[in-house]
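# Predicted structure and sequence below. I'll ask about it afterward.
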Amino acid sequence: MNARHPAWLTVAAPESGAIVRRARQAEGLTLAELGRRTGYSAAQISRFERGIAPLNDVTVLRLFSDALAIPSHVFGLTPQVDGNRRQHRSSVRSNGGPSPIVASEAGWEDGEDRVRRRQLLANLAVTAAAAVGPILPDEGSAQASQTASRDLLINRARDAMLGLTSSPAPIPGPRLRAELAAALLDFHRCSYNRLAHVLPRLISSGHALAAASPDDTGVNAVLAEIYTLTTRMLIKLDDQQLGWMAADRARVIAGAAGDPLMAAEAARNLAVLARKAGWHAQAMTIALSAADHLDLRDGDPRRTAERGLLIQSAAYTAARCGDRAGMRELTNEAAAIATRLGAPLLRDHGGGFGPATVQLHRISAEYSIGEAGAAIATARKLPPASLPTVERRVRYYTDIARAYGQMGRRDDCLNALLAAERHAPEEIHARPAVRDLISGLLVSGRTTPELKGLAARCRIT
């Protein structure tokens, strides 16, 4: 871009990060694409742009000036002759300037990631993840119930999303909202058998009401929330194909309804799915771009909380990229937002946002980056009762189980899994990641009666 490009005329303040952001957006580059040009991770680029990391080193400024064709004077730098510019480019890594934080390839260390890798390599569309009910005396009936619940949820959700089911008569808006509220409560309680029946019906009923009231943005907002809940459940079941479909519909419908909060939550789910697919740079860009949208910067506490959720998601993606510094800086940023807000908000957005939920994410991020000891230290400071829902408390126990497993502490790992099972059997028996962890315990060492019992209840042999 030349020196008179409109991008330079609309920079509000001479802040280097804002200049880089404006230039990147004017060229249509993602955070990851600019990162490839400069040797920095997407997370580090975002920190520069948002002023979290200082961008005042002359050599680094010249690096961005070269990468984005930003005139030197815009950064307050003197122009360079071509020879000096080439010399600068070749020496930028060794002249004492800050070293770029380059994202490493994400490892496939835990059971969840090994399952995902096999899925991606084999191009499998659907992973079987049984949504099971309470333990019943008749184990054969229990197994049949598990299979039926899984098939019912996946197949009926798929058919409802494709419009293959018979269209129900529209129900009144207040009743639809009440049924959605009940379904959200089922999710928070990990009552997945009930959701297998309720969620597909909500999708069909929501579409029927939206068709009958095409100009009612409130109805579309409810339908967007139904799809957001559907996405969340499909993510749990590792059904990425349907998850993408549901998340994108939530985003489009929320946009049509003019609901920036639900649109941002849909973007967060898209970022999660991108991360699960191994697209870490794209996941980072989706989350941080949504977090930086003006709609979430108007001072409204709920929108500020959603911004915190998105930054928190980006922190976990940074962990998956091996960017330890980026993970901790982004997590600290989310924690600062949560502290300013005080009370937890947005309970129905995956358990909400508050100081306790940020620390829960910190546990996940620390063990994901290989810092199991730091994960356990964080967990010890977080009372599970401070978490807002059963689903989040179970996540606490499964996360520390993974951390203990990473440390080779089998008994502690098993005890954490048993604690999680006591809180929500359906979550432990259903989730592929947890089942894979239990399978790993079975084949990697001695099997105690407690481990054998847990495996039997999960139908793992």
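All right, it came through fine.

# Let me know the pLDDT of Ile135.
Per-residue pLDDT puts Ile135 at 31.

# One more: Arg114?
42.

# Asn193 contacts Glu427, doesn't it?
No: Asn193 lies out of contact with Glu427 (CB atoms under 8 Å); the separation is 11.7 Å. For glycine as for every other residue, the C-beta is placed from the backbone atoms N, C-alpha and C.

# For those two, work out which one has more neighbours and name it.
Glu427 (25 against 21; other CB atoms under 10 Å).

# Could you look up the SS state of the more buried one?
helix (DSSP: H, G, I helix; E, B strand; the rest coil).

# Which residues are in contact with the residue nearest to it when sequence neighbours are not counted?
In space, Glu427 comes closest to Cys190 once its chain neighbours are excluded; the distance is 4.3 Å by CB to CB, 6 or more residues apart in numbering. By CB atoms under 8 Å, 6 or more residues apart in numbering, Cys190 lies in contact with 390-391, 394, 423-424, 426-427.

# likewise Ile235?
Applying CB under 8 Å, 6+ apart to Ile235 gives the contacts 243, 269, 272-273, 276.

# repeat that with 7 Å
Counting by CB atoms under 7 Å, 6 or more residues apart in numbering, Ile235 touches 243, 269, 272-273.

# Which residues are in contact with Trp244?
Leu273.

# Out of the contacts of Ile235, name the two that are farthest from one another.
The span of the contacts of Ile235, defined through CB to CB, is set by Gly243 and Val272 at 8.5 Å.

# so how many other residues sit close to Ala169?
Ala169: 8 neighbours (other CB under 10 Å).

# did I read that right, Asp348 in a strand?
No: read with three-state DSSP, Asp348 is coil and lies in no strand.

# What is the neighbour count of it?
Count around Asp348 with other CB under 10 Å applied: 18.

# just for the stretch 251-400 of the chain, where's the confidence low?
Nowhere does the stretch 251-400 of the chain drop to pLDDT under 70.

# Show me the helices in it, by range?
If DSSP state H, counting those that start in this stretch is used as the criterion, the helices of the stretch 251-400 of the chain fall at 260-276, 280-291, 301-320, 324-341, 355-368, 372-380, 390-407.

# Turn those into a markdown table, columns for distance to Ser439 and mean neighbour count.
Below are those laid out as a markdown table (distance: least, CB to CB, whole Å; neighbours: other CB atoms under 10 Å):
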| stretch | distance to Ser439 | mean neighbour count |
| --- | --- | --- |
| helix 260-276 | 20 | 24 |
| helix 280-291 | 26 | 25 |
| helix 301-320 | 22 | 25 |
| helix 324-341 | 28 | 20 |
| helix 355-368 | 19 | 24 |
| helix 372-380 | 20 | 18 |
| helix 390-407 | 12 | 23 |
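
# Reformat these as CSV; add distance to Ala178.
Converted to CSV, these look like this (distance: least, CB to CB, whole Å):
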stretch, distance to Ala178
helix 260-276, 18
helix 280-291, 29
helix 301-320, 21
helix 324-341, 28
helix 355-368, 26
helix 372-380, 36
helix 390-407, 21
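
# Looking at these, which is nearest to Val74?
With CB to CB as the yardstick, what comes closest out of the helices of the stretch 251-400 of the chain is helix 280-291 (22.9 Å).

# same for that closest one, what does it pack against?
Identification of packing neighbours for helix 280-291 by 3 or more CB pairs under 7 Å, 6 or more residues apart in numbering; DSSP states H and E yields helix 31-38, helix 42-49, helix 260-276, helix 301-320.

# export these to TSV and tack on distance to Leu346?
Shown next, in TSV, are these (distance: least, CB to CB, whole Å):
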stretch	distance to Leu346
helix 31-38	25
helix 42-49	22
helix 260-276	8
helix 301-320	5
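
# Quick check: which of the helices of the stretch 251-400 of the chain is nearest to Leu437?
helix 390-407 (6.1 Å).

# now for the closest one, which elements pack on it?
helix 173-188, helix 355-368, helix 372-380, helix 410-423, helix 432-444.

# Throw the ones you listed into JSON lines and include distance to Ala334, thanks.
Listed next are the helices and strands packed on helix 390-407 as JSON lines, based on distance: least, CB to CB, whole Å:
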{"stretch": "helix 173-188", "distance to Ala334": "21"}
{"stretch": "helix 355-368", "distance to Ala334": "5"}
{"stretch": "helix 372-380", "distance to Ala334": "14"}
{"stretch": "helix 410-423", "distance to Ala334": "24"}
{"stretch": "helix 432-444", "distance to Ala334": "23"}
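
# Out of those helices, flag the one nearest Gly51.
helix 355-368 (20.7 Å).

# neighbouring contacts of that closest one?
312, 315-316, 319-320, 327, 331, 334-335, 338-339, 344, 351, 374-375, 378-379, 382, 386-387, 392, 395-396, 399-400, 402-403, 406.

# Distance check, Arg324 against Thr331.
Distance from Arg324 to Thr331, counting by CB to CB, to the nearest Å: 11 Å.

# about what we covered before: mind putting the contacts of Cys190 into TSV with distance to Gly453?
Output for the contacts of Cys190, formatted as TSV (distance: CB to CB, whole Å):
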residue	distance to Gly453
Val390	22
Glu391	23
Val394	18
His423	17
Ala424	17
Glu426	17
Glu427	17
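
# Among these, which one lies nearest to Val219?
Relative to Val219, and with distances defined as CB to CB, the nearest of these is Glu391, at 27.0 Å.

# State the mean pLDDT of the helix or strand harbouring Ala224.
Of the helices and strands defined by DSSP states H and E, Ala224 is found in helix 217-236. When pLDDT is averaged along helix 217-236, the result is 95.

# Send me that helix as CSV with only the CA atoms.
What follows is helix 217-236 as a C-alpha-only set of coordinates in CSV (Å, rounded to 0.1, in the frame of the first residue of the first chain):
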residue,chain,number,x,y,z
THR,A,217,-36.2,-11.7,15.1
GLY,A,218,-36.9,-13.0,18.6
VAL,A,219,-37.9,-16.4,17.2
ASN,A,220,-34.7,-16.5,15.1
ALA,A,221,-32.6,-15.7,18.2
VAL,A,222,-34.2,-18.7,20.0
LEU,A,223,-33.5,-20.9,16.9
ALA,A,224,-29.8,-19.7,16.9
GLU,A,225,-29.6,-20.7,20.6
ILE,A,226,-31.1,-24.1,19.8
TYR,A,227,-28.4,-24.6,17.2
THR,A,228,-25.7,-23.4,19.6
LEU,A,229,-26.8,-26.0,22.2
THR,A,230,-26.9,-28.6,19.4
THR,A,231,-23.3,-27.7,18.4
ARG,A,232,-22.1,-28.0,22.0
MET,A,233,-23.6,-31.5,22.3
LEU,A,234,-22.2,-32.7,19.0
ILE,A,235,-18.8,-31.4,20.1
LYS,A,236,-19.0,-33.6,23.1
